[in-house]
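Peer 1: kindly return the folded structure for what I paste below:
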Amino acid sequence: MGNFATIRGVSYILAAAPDMVLHNGTTQTTERIVNPESEYLGQIEGHLRSYEDVLAYIPNQVYIGNMSNEQLRETAFPYYDKKAAEAKRQGKFGEIMPQDEFYALMQICDVFDLVKLEAAFAQGAKAKLAAGGLLREEQLAILDKNQESGEDIRRLVEEDHAEGLYNGGALVGAVKRAHDVDVNLSAHVMLENLVAKASSVLALLHLLKHTGIDPASVDYVIDCCEEACGDMNQRGGGNFAKAAAEVAGLTGATGSDVRGFCAGPAHALLDAASLVKAGTFKNVIVTAGGCTAKLGMNGKDHVKKGLPILEDCIGGFAVLIGENDGINPIIRTDVVGRHTVGTGSSPQAVIGALVTDALDKADLKLTDVDIFAPELQNPDITKPAGAGDVPEANYKMIGALGVKRGDLQRAELADFVAKHGLVGWAPTQGHIPSGVPYLGACREDILSKKIRRAMVIGKGSLFLGRMTNLFDGVSFLVEENPGGEAGSETTAGSNAAASGSAAVSETAVRTLIGEAMRDFAKTLLSE
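Peer 2: Numbers count the residues shown, from 1 in each chain. Here you go, the predicted model:
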């Protein structure tokens with residue numbers, strides 16, 4: 001076996017953004033255009049959560065590492081009406097930042113003087129950011145340049161086509177357009193891009209803090225968010241990765257962007273692991289900021305059912321991939337599942353290509369994988385919107401194929417889902433849920449010998465871009481490090497065909513797969 005790359009550290013961040021739900025989430029901004037007097041718009045403000053409620057939301061605490069997936073599993077569903085006993089802003093993987101500080105961070109990340117903040121607001125946010133200790137003094141000093149009054153900000157929005165930044169309903173800042181006629185540099189797009197950049201920067205800073213790595217030793221950064229920066233001549237030219245690396249102080253790094261809708265992070269992690277394994281770079285970071293368009297995406301369904309708006313946070317993450325140290329978990333780039341052009345779109349074909357075909361390469365049964373990490377969307381968000389429990393649907397489909405292969409008996413299916421699955425907790429930010437939210441806990445679980453092997457599965461819906469009707473996806477194994485300089489041996493499982501499960505009738509298998517496919521199909525449009 002080759003000298004596999006290792007996962008050295010992971011960070012996760014959230015930025016509470018209740019006012020951005022109203023003013024920047026696509027569901028709300030579209031509704032304001034097509035139906036400005038709608039009942040929904042009149043009700044939504046009463047369904048926005050406070051920062052304290054966002055902090056106490058149990059799935060959010062799981063995301064930043066203050067609570068475990070086991071604790072979430074023990075929490076009675078639904079989760080929105082429960083509160084974490086000890087909600088904290090800081091977690092072992094990152095933090096949940098309040099909206100005012102995030103606006104200030106956006107300005108720190110802005111190098112073209114597009115973000116303007118009301119002077120008193122900027123100073124208040126500066127003091128709070130300084131207390132966090134992540135940013136350098138010269139970065140915080142950027143906030144001192146704000147001289148604008150509230151009236152100045154209002155004029156930018158009303159007369160100069162700027163996008164407003166609101167906090168507690170009050171206009172406190174604006175993002176200016178970067179070009180008079182280029183729609184790719186409009187205020188709307190610049191706000192989206194600065195949000196993605198700032199949330200990526202926040203994740204990078206936490207990754208540096210938690211790993212202790214010398215920032216100058218990072219060679220390459222790969223961004224895999226769902227935004228695209230460019231201009232009228234190259235709309236998605238990039239480069240978010242290098243832009244974020246600059247602010248985070250990664251002076252020795254270059255980088256590029258990888259896009260693949262929801263599957264983007266899995267593609268990016270494979271790219272990073274391959275670059276390190278090949279010896280091209282020693283330390284590669286995969287990072288992604290969040291997406292304002294997804295804020296309140298399912299808000300109509302949530303409000304209709306009397307729930308708070310649960311999609312009220314910008315999310316981000318960063319993963320450090322490094323050379324094999326004989327200790328940290330390895331990424332098995334020789335065991336990769338691929339949804340190819342010829343795979344097809346049936347649920348059975350998708351899961352077969354991503355899961356069972358990959359395991360066959362390594363002579364492994366499904367039960368040789370301790371944890372599967374497919375889309376980990378929070379069912380609190382998806383079930384009221386009619387998409388069902390996305391992780392559970394994936395696990396049922398995987399388990400059904402396991403019964404067909406003889407890896408397990410039908411009576412073992414429920415136990416398989418409980419033992420090898422996770423309860424969803426990820427925010428609805430498109431690219432974030434697919435496998436990535438588990439990587440931090442996965443690394444710890446492997447290092448502590450709690451598990452030995454996990455499979456990360458990324459799936460995406462390429463038809464959203466109107467270029468193809470294809471789905472997409474890749475998967476890979478994360479395993480305990482066998483030790484030694486090269487990590488030369490990995491332990492394969494027993495051959496699935498030779499496993500000892502009892503035979504199941506073909507009719508029973510067809511029924512089981514049919515049931516799983518119906519549940520799974522509902523999730524595809526939610527990716």
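Peer 1: all strands of the stretch 51-200 of the chain, in order?
Peer 2: Under the criterion DSSP state E, counting those that start in this stretch, the stretch 51-200 of the chain contains strands at 94-97, 115-117, 163-167, 170-175.
Peer 1: would you list these in TSV and tack on mean neighbour count and distance to G212?
Peer 2: For glycine as for every other residue, the C-beta is placed from the backbone atoms N, C-alpha and C. Formatted as TSV, those follow (neighbours: other C-beta atoms under 10 Å; distance: least, C-beta to C-beta, whole Å):
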stretch	mean neighbour count	distance to G212
strand 94-97	26	15
strand 115-117	26	31
strand 163-167	23	34
strand 170-175	23	34
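Peer 1: next, format the ones you listed as CSV and append mean pLDDT.
Peer 2: Listed next are the strands of the stretch 51-200 of the chain as CSV, based on pLDDT from 0 to 100:
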stretch, mean pLDDT
strand 94-97, 98
strand 115-117, 98
strand 163-167, 98
strand 170-175, 98
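Peer 1: mind checking the SS state of the residue positioned nearest the centre of the chain?
Peer 2: Nearest to the mean C-alpha position of the chain, counting by C-alpha atoms, centre = their mean, stands I432 at 1.6 Å. Following DSSP: H, G, I helix; E, B strand; the rest coil, we place I432 in the coil state.
Peer 1: residue contacts, it?
Peer 2: Shown in contact with I432 (C-beta atoms under 8 Å, 6 or more residues apart in numbering): P265, A288, G290, G315, G316, F317, A426.
Peer 1: now these in a markdown table, with neighbour count?
Peer 2: Output for the contacts of I432, formatted as a markdown table (neighbours: other C-beta atoms under 10 Å):
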| residue | neighbour count |
| --- | --- |
| P265 | 30 |
| A288 | 33 |
| G290 | 32 |
| G315 | 30 |
| G316 | 31 |
| F317 | 33 |
| A426 | 26 |
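Peer 1: and those, which is closest to E151?
Peer 2: Of all those, G290 has the smallest distance to E151: 30.9 Å, by C-beta to C-beta.
Peer 1: how about the closest one, nearest residue that isn't a chain neighbour?
Peer 2: I314 (3.5 Å; C-beta to C-beta, 6 or more residues apart in numbering).
Peer 1: neighbouring strands for the host helix or strand of that neighbour, and are they parallel or not?
Peer 2: Using DSSP states H and E, I314 maps to strand 313-322. For strand 313-322, the paired strands and their directions (DSSP bridges) are strand 6-16 (antiparallel), strand 283-288 (antiparallel).
Peer 1: point out the most buried one among those strands.
Peer 2: Highest mean neighbour count among these (mean count of other C-beta atoms under 10 Å): strand 283-288, with a mean of 29.
Peer 1: the strands paired with strand 313-322: which one's closest to G440?
Peer 2: Taking the strands paired with strand 313-322 one by one with C-beta to C-beta, strand 6-16 is closest: 3.8 Å.
Peer 1: give the contact list for the residue nearest to L22 when sequence neighbours are not counted.
Peer 2: In space, and not counting its chain neighbours, L22 is closest to Q28: 5.7 Å by C-beta to C-beta, 6+ apart. Neighbour list for Q28: V21, L22, L41, I44, L295, G296, G299 [criterion: C-beta under 8 Å, 6+ apart].
Peer 1: now the two most distant members of those residues.
Peer 2: The most widely separated members of the contacts of Q28 are L41 and L295, with 14.6 Å between them, by C-beta to C-beta.
Peer 1: one step back: please save the CA atoms from the strand holding I314 in CSV.
Peer 2: This file holds the C-alpha atoms of strand 313-322, laid out as CSV (Å, rounded to 0.1, in the frame of the first residue of the first chain):
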residue,chain,number,x,y,z
CYS,A,313,-26.8,30.2,10.2
ILE,A,314,-23.9,30.6,7.8
GLY,A,315,-21.8,27.5,8.0
GLY,A,316,-18.1,26.8,7.3
PHE,A,317,-15.4,24.1,7.8
ALA,A,318,-11.8,23.5,7.2
VAL,A,319,-9.7,20.2,7.1
LEU,A,320,-6.0,19.9,7.3
ILE,A,321,-4.5,17.0,5.2
GLY,A,322,-0.9,16.2,5.9
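Peer 1: packing partners of the helix or strand just after it?
Peer 2: Reading on from strand 313-322 to the C-terminus, the next helix or strand found by DSSP H and E is strand 330-338. Helices and strands touching strand 330-338, by 3 or more C-beta pairs under 8 Å, 6 or more residues apart in numbering; DSSP states H and E, are strand 6-16, helix 264-277, helix 357-361, strand 471-479.
Peer 1: so for the third one, what's the average pLDDT?
Peer 2: The predicted model gives helix 357-361 an average pLDDT of 94.
Peer 1: other residues contacting the following helix or strand past it?
Peer 2: The C-terminal neighbour of helix 357-361 among helices and strands, as given by DSSP H and E, is strand 371-373. For strand 371-373, the surrounding residues in contact (C-beta under 8 Å, 6+ apart) are 355, 394-395, 398, 420-422, 435, 437-439, 442, 445, 451, 454-457.
Peer 1: lowest-scoring secondary structure element of the protein by mean pLDDT?
Peer 2: helix 506-524 (a mean of 59; mean pLDDT, DSSP states H and E).
Peer 1: quickly note the distance from the residue nearest to L22 to V21.
Peer 2: Relative to V21, Q28 is positioned 6 Å away (C-beta to C-beta, to the nearest Å).
Peer 1: between the two, what contacts are shared?
Peer 2: Common neighbours of Q28 and V21, counting by C-beta under 8 Å, 6+ apart, are I44, L295, G296, G299.
Peer 1: show me the residues you listed that map onto helices.
Peer 2: Members of the shared contacts of Q28 and V21 lying in helices (criterion: DSSP state H): G299.
Peer 1: and the shared contacts of Q28 and V21, which is closest to A196?
Peer 2: L295 (12.6 Å).
Peer 1: now the nearest residue to the closest one once chain neighbours are set aside. Its backbone dihedrals?
Peer 2: Of all residues not flanking L295 in the chain, G25 sits nearest, at 3.6 Å (C-beta to C-beta, 6+ apart). Main-chain dihedrals, G25, degrees, to the nearest 10: phi -70, psi 130.
Peer 1: which ones are touching G25?
Peer 2: Per C-beta under 8 Å, 6+ apart, neighbours of G25: T292, A293, K294, L295, G296, M297, G299, E311.
Peer 1: buried subset of those?
Peer 2: T292, A293, K294, L295, G296, M297, G299, E311 (16 or more other C-beta atoms under 10 Å).
Peer 1: just checking, the second one touches V21?
Peer 2: Spelled out, that is A293. No. Using C-beta atoms under 8 Å as the test, A293 is too far from V21 to be in contact (11.1 Å).
Peer 1: can you tell me the SS state at A414?
Peer 2: Here A414 is helix, with the state taken from three-state DSSP.
Peer 1: by how many degrees do the longest helix belonging to the chain and strand 6-16 diverge?
Peer 2: Secondary structure of the chain read by DSSP H shows that its longest helix is helix 187-211. Orientation check (axes from the mean of the first three to the mean of the last three C-alpha atoms, to 10 degrees): helix 187-211 against strand 6-16 gives 130 degrees.
Peer 1: list the buried residues in helix 187-211.
Peer 2: Using 16+ other C-beta under 10 Å as the test for burial, helix 187-211 gives 187-208, 210-211.
Peer 1: please apply the same query to stretch 152-166.
Peer 2: Using 16+ other C-beta under 10 Å as the test for burial, stretch 152-166 gives I153, R154, L156, V157, A162, E163, G164, L165, Y166.
Peer 1: output the below-cut-off pLDDT ranges for the stretch 151-300 of the chain.
Peer 2: Counting by pLDDT under 70, the stretch 151-300 of the chain contains no low-confidence range.
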